[in-house]
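> Structure, please.
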Amino acid sequence: MEIKELNEQECHGVLERASIARLGCSHNDQPYVVPIYIVYDAGDIYVFSTFGKKVEWTRLNPRVCLQVDEIHSQSEWVSVVVNGQYEELLNPQYAVERARARTLIEKRHRWWLNALAERRITLRDQEIEPVFFRIRIEALSGLRSHS
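The predicted structure is shown next:
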């Protein structure tokens, strides 16, 4: 098996194809990693969520890490790691960006399902507040493995 670094263009290509990633955040020196649905567009990563630990922690510490993988087999895979800043798209300040994020995310099948399903266990629909945010990419790197 050979492992090679991806160039920046290849990393962006992986992000463009991705729909699921793992978000890493930290609070009080405690890391937390959670899978999320994403959409990559024009150098930013957009996410729809509901309020929970990842939103609470990223509001407190906006420095985040994101990992995207394409795994074909144990010896053929691609992995991209992004370091960036969490930026919540609040209304009315970010109304245009929020609308853009929603338009991009809505193109994905069942984009809202996981975020809402978890909250419906304890809350009624009208109590669930949607959270749109983006990750501003500061650095990215990637590796490719093949036989």
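
> any chance you could map the strands in the protein?
2-5, 20-27, 30-37, 39-41, 44-50, 63-73, 76-88, 130-146 (DSSP state E).

> Which of the residues in the longest one are classified as buried?
Of the residues in strand 130-146, Val131, Phe132, Phe133, Arg134, Ile135, Ile137, Leu140, Gly142, Arg144, Ser145 count as buried by neighbour count, 16 or more other CB atoms under 10 Å. Heads up, the C-betas are built off the backbone N, CA and C, glycines and all.

> mind giving me JSON lines with the strands of the chain and columns for distance to Thr103?
Output for those, formatted as JSON lines (distance: least, CB to CB, whole Å):
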{"stretch": "strand 2-5", "distance to Thr103": "34"}
{"stretch": "strand 20-27", "distance to Thr103": "20"}
{"stretch": "strand 30-37", "distance to Thr103": "15"}
{"stretch": "strand 39-41", "distance to Thr103": "9"}
{"stretch": "strand 44-50", "distance to Thr103": "10"}
{"stretch": "strand 63-73", "distance to Thr103": "21"}
{"stretch": "strand 76-88", "distance to Thr103": "17"}
{"stretch": "strand 130-146", "distance to Thr103": "11"}
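
> Identify whichever of the ones you listed lies nearest to Leu104.
Leu104 lies closest, by CB to CB, to one member of these: strand 39-41, at 4.4 Å.

> Let's test this: mean pLDDT of that closest one, rounded?
On average, the pLDDT along strand 39-41 is 94.

> which residues touch that strand?
Contact with strand 39-41 is made by 12, 15-16, 18-19, 45-47, 100-101, 104-105, 107-108, as judged by CB atoms under 8 Å, 6 or more residues apart in numbering.

> ok, Ile105 to Phe48 distance?
With distances taken as CB to CB, to the nearest Å, Ile105 is found 5 Å from Phe48.

> still on that earlier bit, just name the most buried of the strands of the chain.
strand 44-50 (a mean of 22; mean count of other CB atoms under 10 Å).

> Return the list of strands paired to it, each annotated with direction.
Take DSSP bridges as the rule and strand 44-50 pairs in its sheet with strand 39-41 (antiparallel), strand 130-146 (antiparallel).

> Leu15 and Ser141: what is the separation?
According to CB to CB, Leu15 stands 12 Å off from Ser141.
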